[in-house]
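J.: got a predicted model here, sequence first, then my questions.
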There are 2 protein chains.
Amino acid sequence: MLGLAIPTPANAENFELPPGAGRGKSVVILGAGIAGLVSAFELQRAGYDVTVLEARHRVGGRVWTVRGGDYVEQFGMPIQRAEFDEGLYFNAGAARIPSSHRVILGYARRFGVPMETFVNSNRNASWDFAGKVRQDRRMVLDLQGHIVGLLAKAIDQHALDQAMPKSELAQFRRFLQFYGGLAPDGSYQNVGGASGYAVEPGAYDQAPSDLPPLSLRETLPTPAIGLPHVFEFIPDMQATMLQPVGGMDRIAYAIYEQVKPLVRFGTPVTAIRRSGDRVRIEHGPQVTEADYCVCTLPMNLLSRIPNDFSAAKKAAISSAPAYFKSVKVAFESPRFWESDDQIFGGLAWTDRKNENVIYPSNGFNQHKGVLVGAYVAGWTNQDNPDAFAALSNEEQFKIVRDSIEALHPGKSKLMSKPVTVRWGRTPYSEGVSPLWPGNGGQGPRGPQYSELFKPEGPIVFAGEHLSYQPAWQEGAAVSAHAALKLLQAMAAERTTAAA
Amino acid sequence: MLGLAIPTPANAENFELPPGAGRGKSVVILGAGIAGLVSAFELQRAGYDVTVLEARHRVGGRVWTVRGGDYVEQFGMPIQRAEFDEGLYFNAGAARIPSSHRVILGYARRFGVPMETFVNSNRNASWDFAGKVRQDRRMVLDLQGHIVGLLAKAIDQHALDQAMPKSELAQFRRFLQFYGGLAPDGSYQNVGGASGYAVEPGAYDQAPSDLPPLSLRETLPTPAIGLPHVFEFIPDMQATMLQPVGGMDRIAYAIYEQVKPLVRFGTPVTAIRRSGDRVRIEHGPQVTEADYCVCTLPMNLLSRIPNDFSAAKKAAISSAPAYFKSVKVAFESPRFWESDDQIFGGLAWTDRKNENVIYPSNGFNQHKGVLVGAYVAGWTNQDNPDAFAALSNEEQFKIVRDSIEALHPGKSKLMSKPVTVRWGRTPYSEGVSPLWPGNGGQGPRGPQYSELFKPEGPIVFAGEHLSYQPAWQEGAAVSAHAALKLLQAMAAERTTAAA
């Protein structure tokens, strides 16, 4: 029997199964999200006979781009129909790709998906905390400046005389003066205007003057502001961030184009059975049998589907962390944030219940855009996302309008056609990703975790939840590669045994 | 007589002269760069009879986009012909627009110029200083982390007990732990992997591990690295930065479309004369007379053109700072920086003679792109730009190839079709912008400066050099607005006097 997988290296964009290795062998793939689509493409390429069973009538899973005319169905809620104008879209799920995610970007490149920048930090955007709206540049750069100024003060008071050689310390102190925008006395004064101007530089004799900085206390009014202050340091949130031109689902659909005849839509799996050394997948009254199976279903759904898994596997699945259930609310609007406030893409942060606002990174200077007025995931509010998800649609829309009104006085009335997507109420998802411990779910996971990606006879497992890139398309893609290596090794062994 | 101008407010994107105010009045505009084009558009709109005299056979001035088939003529150098493939371009001059530059962006919006992000910081790019190539994220975030760690150390040693109340200090210290990626002992250890991973997060059991940070000394190896460390704090370099889709000249050409019949190309000005209360502009054997003149010529050229200016004006022009003479070198190449190194736009910095590399922010995932392998302006090298400009084309190209080879081993051989543009040797420019004192030329300018923008009878003055946004299109645009207000006031006064 096979032991644990040798992990797929992150730079596996040249992944390829041995050509022809799949001839005469069949695989059923459960789910046509990124993990399922990547599996289908790679297995088909290697000659396997592939069937993909997808519950929905679209591919992409949690990569979901909502366009005008699309319906949003949510458990226990009235159906919404998005009414966005032609060409506008709302990335209700995945919304950005770090440029270091080379496997999913490798598929985008392979299939010629045009990519563009996703603006993930914008100094012109604003933060709204403790009832005060202030530009991002003030919150971010005044905090940095105060840190540098306090360090300069400590050095001047000889607190760091033991930390480094005297000449090096003197040189470093000189550097801090320039780096931090410090006044001659070493205090932080926004010298150079990094955090803003009181008078902007203009024509003729309109010389600029620096905006007096916020106090340290104003940059850190409450603990809720912590995440926004570190957001751009998070490895997966650093520039350059990317998005496909035309909507986040374009990569999923580009892979789908390669495997189109293999995908059966509207086919939710109702049982996962083994039949000798083969698999037997029940979907309602019908059955699909195959030599192997790649199961990409999220654990929260998998735990409810009757199956023949080992007791250890079942226990691992049922003891996995709960899925978090973020919510996004989008409106269509004339682009007042561009024309009035010079905000081109990027994020606003708030301690209001909507937490995070995403300005569109595409279509700059066009008349209208889709403004994501709430991305609620517990970024700045401990009760979220569940508290926000529990509100009615109208309550959510009101919160968003009030927040946008605070950020852009007089403008919220221009917003129309709201749509809310609660991932906890989205059929065939019911959540986004298991809450693995540690920042970004990258901490240690305990002994049960390794049970989750052990094969069950002819069944291998994939999905973002089986990676240290949880909730990212990259995690889904690399987990598929890992699963396919296992499957290929099993198939090779079976062929040898039969020979 | 008029005194000094009332400065145009920076948010003058709704600038408009009184409709019909120019009826029966003529204006000659010297130069079809941004200041000249903006002047022509606004004066025409107000009913003035406008003629624009432009020495070159293109508009835009120092906004110059070089495409395949274009010729690059430089004093004393062989003519170069750019051979870039269709659709590729090289912004040899202006290359980015801060999103806060509302006047030039207002014109882009008015004329429907599509805009896209210019990536101005990229954590995946690398810096090459003191012979060591390291990722931007390590240089930038390890420096920040060490600053935070040293401050935490100083707080722990009670150096800041007097700086703020005890409870606030304790809370701030806790925040620093999280903000800085500090280890439990308070030292900076890149906890969370912000500056990189030793093992990347992968599939199945491939948990990430943090890259040990660079030492403080490694992040600050030499003073040459100072500018790159503050670059993203410079007000005009902060995200979001923008560029027109298709080349930086698209805004200039969009304005030109509005005033096309008014522009006379190939018409260098040879003398600026007054004739009664009118102007008489000589261009070679020909003469253009008008009631008024908007002179947008750079001071370095203006000082050589015979004129009737007052002694004070002549003295101010001849005592203005020298123009700086930056150089850019571009190559066409397959996009190895994207496919191999996951670098999508952004900058590399080096203390080599090429100083700065600009990766294309457009056309991600296309086969080829234009790589600006040198942007030489004295960023990191005190002898530049003059030292680099003095080299032969082949010497420059070799320096760029060697630098790209250091950043991308094995790849420089893919680069082809080099073009170099020395602004000091570019006819009708001979430089970029006067070296006004202060960071970004925004410091105090001395008494002579205000002489420069005083009208000379019917002649008003505009151009980036007459603004506190020197070397930016915004400076040219706002200076034009200021000049037109003066001109309009003079015209109104003359009409009143005649009535």
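T.: All right, it came through fine.

J.: chain A: helices as residue ranges?
T.: Ranges of helices in chain A, per DSSP state H, are A:34-45, A:102-110, A:136-156, A:166-179, A:216-219, A:226-231, A:250-259, A:299-302, A:311-318, A:336-339, A:386-389, A:393-407, A:448-452, A:473-498.

J.: most tightly packed of those helices?
T.: Of all the helices of chain A, helix A:34-45 carries the top mean neighbour count, a mean of 28, counting by mean count of other CB atoms under 10 Å in any protein chain shown. In this view, the C-beta of every residue, glycine as well, is placed from N, C-alpha and C.

J.: what about it, average pLDDT?
T.: Across helix A:34-45, the average pLDDT comes to 98.

J.: please name every helix or strand in contact with it.
T.: The contact analysis (3 or more CB pairs under 8 Å, 6 or more residues apart in numbering or on different chains; DSSP states H and E) places helix A:34-45 against strand A:26-30, strand A:49-53, helix A:102-110, helix A:250-259, strand A:292-295, helix A:473-498.

J.: name the helices or strands packed onto the first one?
T.: Taking 3+ CB pairs under 8 Å, 6+ apart as the contact definition, the neighbouring helices and strands of strand A:26-30 are helix A:34-45, strand A:49-53, strand A:278-283, strand A:286-290, strand A:292-295.

J.: now with 6 Å?
T.: Counting contacts by 3 or more CB pairs under 6 Å, 6 or more residues apart in numbering or on different chains; DSSP states H and E, strand A:26-30 is packed against helix A:34-45, strand A:49-53, strand A:286-290, strand A:292-295.

J.: export these to JSON lines and tack on distance to residue A:158?
T.: Shown next, in JSON lines, are these (distance: least, CB to CB, whole Å):
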{"stretch": "helix A:34-45", "distance to residue A:158": "56"}
{"stretch": "strand A:49-53", "distance to residue A:158": "68"}
{"stretch": "strand A:286-290", "distance to residue A:158": "73"}
{"stretch": "strand A:292-295", "distance to residue A:158": "63"}
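
J.: need the residues of the stretch 101-250 of chain A near chain B, please.
T.: Applying CB under 6 Å from any CB of the partner chain, we find that the stretch 101-250 of chain A lies next to chain B at A:102, A:109, A:115, A:117, A:119, A:121-124, A:147, A:150-151, A:154, A:157, A:159, A:179, A:192-194, A:200-208, A:230, A:233, A:235, A:238-240.

J.: keep only those of these that are in strands.
T.: Within those, residues falling in strands by DSSP state E are A:115, A:117.

J.: of the residues of the stretch 101-250 of chain A next to chain B, buried ones?
T.: Using 16 or more other CB atoms under 10 Å in any protein chain shown as the burial test, those include A:102, A:109, A:115, A:117, A:119, A:121-124, A:147, A:150-151, A:154, A:159, A:179, A:192-194, A:200-208, A:230, A:233, A:235, A:238-240 as buried.

J.: export the helices and strands packed on helix A:34-45 to JSON lines and tack on mean pLDDT?
T.: Compiled in JSON lines, these are given as follows (pLDDT from 0 to 100):
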{"stretch": "strand A:26-30", "mean pLDDT": "98"}
{"stretch": "strand A:49-53", "mean pLDDT": "98"}
{"stretch": "helix A:102-110", "mean pLDDT": "97"}
{"stretch": "helix A:250-259", "mean pLDDT": "98"}
{"stretch": "strand A:292-295", "mean pLDDT": "98"}
{"stretch": "helix A:473-498", "mean pLDDT": "95"}
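
J.: show me what from the stretch 351-499 of chain A comes close to chain B.
T.: Going by CB under 6 Å from any CB, the residues of the stretch 351-499 of chain A near chain B are A:364-365, A:439, A:442, A:453, A:466-469, A:478-479, A:482.

J.: can you put the helices of chain A in CSV and add distance to residue A:64?
T.: Formatted as CSV, the helices of chain A follow (distance: least, CB to CB, whole Å):
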stretch, distance to residue A:64
helix A:34-45, 12
helix A:102-110, 16
helix A:136-156, 28
helix A:166-179, 43
helix A:216-219, 36
helix A:226-231, 23
helix A:250-259, 9
helix A:299-302, 16
helix A:311-318, 24
helix A:336-339, 24
helix A:386-389, 17
helix A:393-407, 18
helix A:448-452, 24
helix A:473-498, 12
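
J.: closest one to residue B:48 among those helices?
T.: Each of the helices of chain A was scored for nearness to residue B:48 using CB to CB, and the closest is helix A:336-339 (27.7 Å).

J.: wondering if that closest one reaches chain B at all.
T.: No. Under the criterion of CB under 6 Å from any CB, helix A:336-339 makes no contact with chain B; the nearest approach is 6.6 Å.

J.: mean confidence score for that helix?
T.: Mean predicted lDDT for helix A:336-339 stands at 97.

J.: CA atoms only for that helix - export them in PDB, please.
T.: Extracted C-alpha coordinates of helix A:336-339, given in PDB (Å, rounded to 0.1, in the frame of the first residue of the first chain):
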ATOM      1  CA  PHE A 336     -18.200  58.400  -8.000                       C
ATOM      2  CA  TRP A 337     -15.200  56.900  -6.100                       C
ATOM      3  CA  GLU A 338     -13.100  57.600  -9.300                       C
ATOM      4  CA  SER A 339     -14.500  60.800 -10.500                       C
END
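
J.: can you list contacts of it?
T.: Residues outside helix A:336-339 that contact it (CB atoms under 6 Å, 6 or more residues apart in numbering or on different chains): A:343-344, A:359, A:411, A:414.

J.: can you rerun that using 10 Å?
T.: Under the contact criterion CB atoms under 10 Å, 6 or more residues apart in numbering or on different chains, helix A:336-339 has outside partners A:122, A:124-126, A:343-346, A:348, A:357, A:359-360, A:363-367, A:369, A:371, A:404, A:407-408, A:410-412, A:414-415, B:13, B:99, B:102, B:105-106, B:109, B:115.
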